[in-house]
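In: no sequence for this one, just the structure:
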């Protein structure tokens, strides 16, 4: 039986995912996007993307819900729960509702309950990579009552959906933990290269960072996290010197000041002396120290 896929929201996620699926041989895909239906400033972009991907834009939420067997909600997180509530009030042919937003785990669980009352399965999907790079093959972690069915349905078309143990929200929880690093890295890079540009050192800094980080990431993470228990005080002072220079150059040190705050919190644990200046060798040793010190 042919399955019709319906996107609720047709931004980058809907575009890249549907374009890849169509190339992989998936059949009918329909989409409803309020911004397109209202004729707002993004309507032209949404329309051209739908044409490029081979997706039918429909004029109302009810139209999409009446056609789709599987609905993928791909909205910004702040709209996800309200959109799910609105969708749950409509008549639908869908037997599976998937939310791939970064909404909180508690909201994903509420969505699952909403659709369970309608006899509809729910999958919490967490995308763990950039859509423009991976397209529809972006690594996805899924949890919830409909996760395994979604994976079984979409894997033949090249989607890479791994299952997370636990209820709806378990996958999103992993995504939100990861987001602290990935979005923080983006902000840190922007601030670092604002500083580097003002210092006339952007190329040498770029090459130096590339050389330093040219090792397996697990090794870098283990080394830095463990060394924090010994060297945080010294490193906070060093970044303080950077902050003074940034201010002299007219750069607001937002991330650098946050770095100092986090390092000083680690230094206050007093582990440098207790460990005799030698970092733990493993992350489980670090986690145990964090636990006994109540580090948070």
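Out: Arrived safely. This is a predicted model, so every value here is computed, not measured.
In: Just the buried residues of the host helix or strand of residue 109, please?
Out: Following DSSP states H and E, one finds residue 109 within helix 105-116. Within helix 105-116, the residues that count as buried by 16 or more other C-beta atoms under 10 Å are 105, 107-112, 114-115. Glycine gets a C-beta too; all of them are placed from N, C-alpha and C.
In: Relative to residue 206, which of those is nearest.
Out: residue 105 (37.1 Å; C-beta to C-beta).
In: got a list of what that closest one touches?
Out: 124, 168-170, 172-173, 176 (C-beta atoms under 8 Å, 6 or more residues apart in numbering).
In: Provide a list of residues in contact with the residue lying closest to residue 15 once chain neighbours are set aside.
Out: Among residues not flanking residue 15 along the chain, residue 49 sits closest, at 4.3 Å (C-beta to C-beta, 6 or more residues apart in numbering). Residues in contact with residue 49 (C-beta under 8 Å, 6+ apart) are 10, 14-15, 55.
In: Distance of residue 50 relative to residue 103?
Out: Distance, residue 50 to residue 103, by C-beta to C-beta, to the nearest Å: 24 Å.
In: what do you get for residue 17?
Out: 18 Å.
In: Okay, helices next: where are they in the stretch 51-200 of the chain?
Out: 61-67, 77-88, 105-116, 131-134, 147-154, 170-199 (DSSP state H, counting those that start in this stretch).
In: next structured bit after the last one?
Out: Following the chain from helix 170-199 toward its C-terminal end, the next helix or strand by DSSP H and E is helix 202-212.
In: Give me the residues contacting that next one.
Out: 192-193, 196.
In: Just the mean pLDDT for it, thanks.
Out: The average pLDDT for helix 202-212 rounds to 96.
In: From the neighbour counts alone, determine which of residue 17 and residue 103 ranks first.
Out: residue 17 (29 against 26; other C-beta atoms under 10 Å).
In: Next, the contact list for that one, please.
Out: By C-beta under 8 Å, 6+ apart, the neighbours of residue 17 are 7, 72, 74, 131, 135-136, 138.
In: export those to JSON lines and tack on pLDDT and distance to residue 280?
Out: Below are the contacts of residue 17 laid out as JSON lines (pLDDT from 0 to 100; distance: C-beta to C-beta, whole Å):
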{"residue": "7", "pLDDT": "98", "distance to residue 280": "47"}
{"residue": "72", "pLDDT": "98", "distance to residue 280": "43"}
{"residue": "74", "pLDDT": "96", "distance to residue 280": "42"}
{"residue": "131", "pLDDT": "90", "distance to residue 280": "37"}
{"residue": "135", "pLDDT": "94", "distance to residue 280": "41"}
{"residue": "136", "pLDDT": "96", "distance to residue 280": "41"}
{"residue": "138", "pLDDT": "96", "distance to residue 280": "35"}
